[in-house]
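J.: Got a predicted model here, sequence first, then my questions.
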Amino acid sequence: GEDLPPIEVEVSKDLMPGTNTPYLDIVDGHHRYFGWKDAIAEGCTIIRHPVVEFTGTASQKTFRMINSSQGRNLHPVERAIAYLREHKNGYTDAEIAAAVYRSEGDVANHLLLAQAGANTHKLVREGTVSATTVIEVARKYGPAKVYDVLTKAMEAKAPEAAKTGAKVKIINTDVKPAKV
C-alpha cells in the first residue's frame, strides 16, 4: 500500500491522569488516527505510524486545521466558529481569507453564521436550516435576530409537518420579509 502522511500533533500542557505523560492533541490526521485504531481493534498488526509535532501559534494551528486536505471538510458551523476565533484574535477578513484560500465574501458570510448564536448553530447541524439560509436571514435582520425569525418560520410550518409526520425544514422562502 501507499505510505500515509504523518499524523500532526500538538503536545498538550495537560498530563494524563497518574502519569507524567502529556496528552497529544491531533492537529491533522484525525481520520488516519481513528482508522489506525479501528484496524488494530480488528486484528491488524500495525507496529508504528509516523507522528510529527506541530509548531506554531494558536492561529496557525487553527488555519492548519481549516486547510487540512486530508479527511472530511469542515461543517459550515465549524468553519464559521474558527473564522470568528481568528477575527477576535485581530485578523481581518482579508487576512483570514488569504490564510484559508477562500474569498473575503466567504469569510464575511461565515462570520455572520458564527454570530447567529448556539441555538441557530444547532438548527444548522440538525439540518433544519441551511447555513445559506441563516446567512441570508442574518443579512436581512441581523445575526442577533436569526433564531427568533427561524423559530417563527418553524412554528408556521409545524401544523403542516405534524399532519404528514415530516420534519420541519426551513428554506429561504419560508422566511417572510420584515413588514415596513
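T.: All right, it came through fine.

J.: quick one: contacts of the lengthiest helix in the chain?
T.: Longest helix in the chain, counting residues (DSSP state H): helix 146-164. By CB atoms under 8 Å, 6 or more residues apart in numbering, the surrounding residues in contact with helix 146-164 are 116-117, 119-120, 123, 128-129, 134, 137-138, 140-141, 167-170, 174-176. Heads up, the C-betas are built off the backbone N, CA and C, glycines and all.

J.: now stretch 138-148, how far from the centre of its chain.
T.: 20 Å (CA atoms, centre = their mean, to the nearest Å).

J.: Also stretch 88-103?
T.: 16 Å.

J.: That one - what's its average pLDDT?
T.: Taken as a whole, stretch 88-103 carries a mean pLDDT of 94.

J.: Just the buried residues of that stretch, please?
T.: By neighbour count on 16 or more other CB atoms under 10 Å, the buried set for stretch 88-103 is Tyr91, Asp93, Glu95, Ile96, Ala97, Ala99, Val100, Arg102.

J.: ranges for the strands of the chain?
T.: Assigned by DSSP state E, the strands in the chain fall at 7-15, 22-28, 51-53.

J.: Check those for me and report the most buried one.
T.: strand 22-28 (a mean of 16; mean count of other CB atoms under 10 Å).

J.: between that one and strand 7-15, how big is the angle?
T.: If you take axes from the mean of the first three to the mean of the last three CA atoms, to 10 degrees, strand 22-28 sits at 150 degrees to strand 7-15.

J.: Strand 22-28 - contacts with which helices or strands?
T.: If contacts are counted by 3 or more CB pairs under 8 Å, 6 or more residues apart in numbering; DSSP states H and E, strand 22-28 sits against strand 7-15, helix 58-67.
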